[in-house]
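Engineer: predicted model, plus sequence, below.
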Amino acid sequence: SYQRFAHCYGSFYKLQPQVTRSIYDQFISQLQESMKEEIQEVKDEGNLDMLFNSLDKIVEEAKNKEEPAWRPSGIPEEDVRSALVPYLLKHRSHLRRVLKEKEEENRKLAESVLAGRDRIAELQRLIQARKHAWQ
């Protein structure tokens, strides 16, 4: 307040109260301007305008819902379970699908290896037969 400001500079206030008031007014206006600039910088750096707008949108959407918003039950295990179970079930089905794909890929590769071994054995027999025929 102006009274506190004048009290801090009491001797100056006694000599020139109008100048003290002018200095106080300038100080307050510069302080307000500086605060506005700082707030604007924080808003710009953090993209707060967009975040505040999205928050307003969420609040408006929540007003239109008739069902109550989710609230924690007070039992952390249950609260976490209700959020985690759907994710874990989805993840499990994804892993099962990947496992089936890998098993099918492995089956095909095993068949290919066995066919390759059969072909090698056939070639070895053919080589032996030609070797005996040549001798």
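Structural biologist: Looks like it came in fine. Numbers count the residues shown, from 1 in each chain.
Engineer: now do the helices in this protein.
Structural biologist: Along the chain, counting by DSSP state H, helices occupy 2-8, 10-15, 17-45, 48-64, 76-134.
Engineer: these: which one's closest to Trp70?
Structural biologist: Proximity to Trp70, assessed across those by C-beta to C-beta, is greatest for helix 76-134 (8.5 Å). In short, each C-beta sits where N, CA and C put it, glycine included.
Engineer: next one: the closest one to chain centre, how far?
Structural biologist: Remark: helix 76-134 is offset 36 Å from the chain centroid, using C-alpha atoms, centre = their mean, to the nearest Å.
Engineer: repeat that for stretch 63-79.
Structural biologist: 22 Å.
Engineer: just give me the neighbour total for Ile23.
Structural biologist: Neighbours of Ile23 under the rule other C-beta atoms under 10 Å: 15.
Engineer: please report how far it lies from Leu114.
Structural biologist: If you measure Ile23 against Leu114 using C-beta to C-beta, to the nearest Å, the figure is 96 Å.
Engineer: ditto for Glu122
Structural biologist: 13 Å.
Engineer: tell me how far Ser22 lies from Glu33.
Structural biologist: 17 Å.
Engineer: brilliant, that's me finished.
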